[in-house]
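Participant: pasting the sequence and the predicted coordinates here, then a few questions.
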Amino acid sequence: MIRVQEQDFDIGTELASLTDGKTTVGGLGCFVGLVRDMANDEQISSMTLEHYPGMTEKQLEAIEAKARDRWPLQDVLIIHRYGRLEPGDRIVLVATTSAHREAALESCHFLIDWLKTKAPFWKLEASETGESWVAARDADNEAADRWSADRPK
Amino acid sequence: MIRVQEQDFDIGTELASLTDGKTTVGGLGCFVGLVRDMANDEQISSMTLEHYPGMTEKQLEAIEAKARDRWPLQDVLIIHRYGRLEPGDRIVLVATTSAHREAALESCHFLIDWLKTKAPFWKLEASETGESWVAARDADNEAADRWSADRPK
Amino acid sequence: MQLLYFGWVRTRIGIGRETLELPPDIADVKSLVEWLKQRGDGYREALEDLTVIRVAVNQEMVDLDAEIAPGDEVALFPPMTGG
Amino acid sequence: MQLLYFGWVRTRIGIGRETLELPPDIADVKSLVEWLKQRGDGYREALEDLTVIRVAVNQEMVDLDAEIAPGDEVALFPPMTGG
């Protein structure tokens, strides 16, 4: 399930919806990304996330499908916010459930690595010295690429 | 922080305590293990977790220290239950926060892999055909061992 | 053709979306980008380094040599920074 | 010496904990285990395959050739299955 939204989400409620009343889930993996108050040694006052409505949902669905293809997953949840956020605010949640812990943990890692570089979001950071667009990091591309190698499951 | 307890825990409350009011956390990684209703093609009616009070806490603290040694972590939370559990019940929660997503996700994976084989817990499963102790899996040992190789961070 | 701009491509060009009538000889992304660069300083600044320009046609990622047709929705933007 | 048993080591021996006075020649885990096996069928069954016996002395994991002293807390158990 994919949700692209401006409003905040409650981690407990979201994760409960993936496991409550289910007796086939062995493991729940989860990652939550938050706005940090520092970037490049500068104090950040806010971060504004811009996205490409329509394409964002398509890309996230394609990434979810890729994860389901690779791991035996039960539920997949991706929530990504856009709009103006402040330090400490939640940006993104990815969570997966599986009978097996390896599948849950690895697929979460994959989902966040891929959406970093393949979902059409752009971050604008505001600090005392003005606004600047966050540059893509080579490390994020490398993290995404390492899932493309045909590793045994 | 280590907690070994009989009672259940609330995922939302626990994770909120790691991030609420903090503006230095970039990523929260989390894994929750639950009791499945099937084991070796048999329907499980309950699972009883036995542990070694005193040693359990020591081992979990040692595993936490190892994780902190290896990754730049802010908070580490491990909650492990013991006693009688039923399918769908939560067994264990590991969660870590870091400025960096890689550290949060990898350390979670490490913590659950290590506590599987290094924390003194034993599982007794009950089914229609009686009770049986869960056997250690080679796959779990291999998963734990792969963190021992001196990989670059 | 429907054109969309995001991130610093948008802020340099100055608008997020426009509809343009293209000359008939523009049949791929590369020639579209070259044509846009003639339209003003903002466009030239935004599209000057093609190694950091990403393109989606009808909401699918494509290469610079992808073909385009008049009814397409073409988006130009910097490398994505989600998550 | 304080002895603790867990998992199927405990259920085969039949008790979880006991205090035993050891013969003076028993100075390491291996000889302790051999001595325990003489104490009855349950012990023999529990400790028959040493490859699946794990040992902690004073709550620290040790090998079978680790030394032990009268005041120690020694625990014998199967491979752990936490998580």
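Facilitator: Thanks, I have the structure now.

Participant: can you give me the buried ones in stretch A:106-126?
Facilitator: By neighbour count on 16 or more other Cβ atoms under 10 Å in any protein chain shown, the buried set for stretch A:106-126 is A:106-125. Every C-beta, even on glycine, is put in place using the N, C-alpha and C of the backbone.

Participant: so A:G88, which of the three states?
Facilitator: coil (DSSP: H, G, I helix; E, B strand; the rest coil).

Participant: next: A:F9.
Facilitator: coil.

Participant: identify the bridge partners of the closest residue to it other than its chain neighbours.
Facilitator: The spatially closest residue to A:F9, leaving aside those adjacent along the chain, is A:I79, at 5.2 Å (Cβ to Cβ, 6 or more residues apart in numbering or on different chains). For A:I79, the beta-bridge partners under DSSP bridges are A:R3, A:L93.

Participant: now for A:I79: which residues touch it?
Facilitator: Contacts for A:I79 (Cβ atoms under 8 Å, 6 or more residues apart in numbering or on different chains) come out as A:R3, A:V4, A:Q5, A:F9, A:E14, A:V92, A:L93.

Participant: quick one, grab the pLDDT at the second one.
Facilitator: In this case it means A:V4. You'll see A:V4 listed with a pLDDT of 98.

Participant: I figured it hits A:Q59, correct?
Facilitator: No: the criterion here is Cβ atoms under 8 Å, and A:V4 misses it with A:Q59 at 10.1 Å.

Participant: more neighbours: which of these two?
Facilitator: Between A:V4 and A:Q59, counted using other Cβ atoms under 10 Å in any protein chain shown, A:Q59 has the larger neighbour count: 25 against 17.

Participant: what's near enough to touch that one?
Facilitator: Per Cβ under 8 Å, 6+ apart, neighbours of A:Q59: A:L115, A:K118, A:A119, A:P120.

Participant: ok, now how distant is C:P23 from C:R17?
Facilitator: Taking Cβ to Cβ, to the nearest Å as the measure, C:P23 falls 20 Å from C:R17.

Participant: among those two, which residue is more densely surrounded?
Facilitator: More crowded of C:P23 and C:R17, by other Cβ under 10 Å: C:R17, with 12 against 9.

Participant: skipping its backbone neighbours, what lies nearest the more buried one in space?
Facilitator: C:L4 (5.2 Å).

Participant: which bits of chain C sit near chain B?
Facilitator: C:G83 (Cβ under 8 Å from any Cβ of the partner chain).

Participant: just the strands from chain C, written as ranges.
Facilitator: Secondary structure of chain C (DSSP state E): strands located at C:2-5, C:17-19, C:54-57, C:60-62, C:73-77.

Participant: equivalent analysis for chain A, please.
Facilitator: Using DSSP E, strands in chain A cover A:2-5, A:27-34, A:38-39, A:42-51, A:76-81, A:83-85, A:90-98, A:121-127, A:130-133.

Participant: surely C:T81 meets A:V134?
Facilitator: Yes: counting by Cβ under 8 Å, C:T81 sits close enough to A:V134 to count as a contact (4.7 Å).

Participant: for chain A, name the helix or strand with the lowest mean pLDDT.
Facilitator: strand A:38-39 (a mean of 86; mean pLDDT, DSSP states H and E).

Participant: ok, C:R10 touching C:E18?
Facilitator: No: between C:R10 and C:E18 there is no contact under Cβ under 8 Å: 10.8 Å.

Participant: can I get the strands of chain A in a markdown table including distance to D:G40?
Facilitator: What follows is the strands of chain A, written out as a markdown table (distance: least, Cβ to Cβ, whole Å):
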| stretch | distance to D:G40 |
| --- | --- |
| strand A:2-5 | 62 |
| strand A:27-34 | 41 |
| strand A:38-39 | 65 |
| strand A:42-51 | 69 |
| strand A:76-81 | 54 |
| strand A:83-85 | 67 |
| strand A:90-98 | 44 |
| strand A:121-127 | 68 |
| strand A:130-133 | 75 |
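
Participant: could you tell me the least trusted of the ones you listed?
Facilitator: strand A:38-39 (a mean of 86).

Participant: so who does C:L3 touch?
Facilitator: C:R17, C:E18, C:T19, C:L20, C:L36, C:V74, C:A75, C:L76.

Participant: return the residues in contact with the first one.
Facilitator: Going back to what we said before, that points to C:R17. Here C:R17 is in contact with C:Q2, C:L3, C:L4, C:Y5 (criterion: Cβ under 8 Å, 6+ apart).
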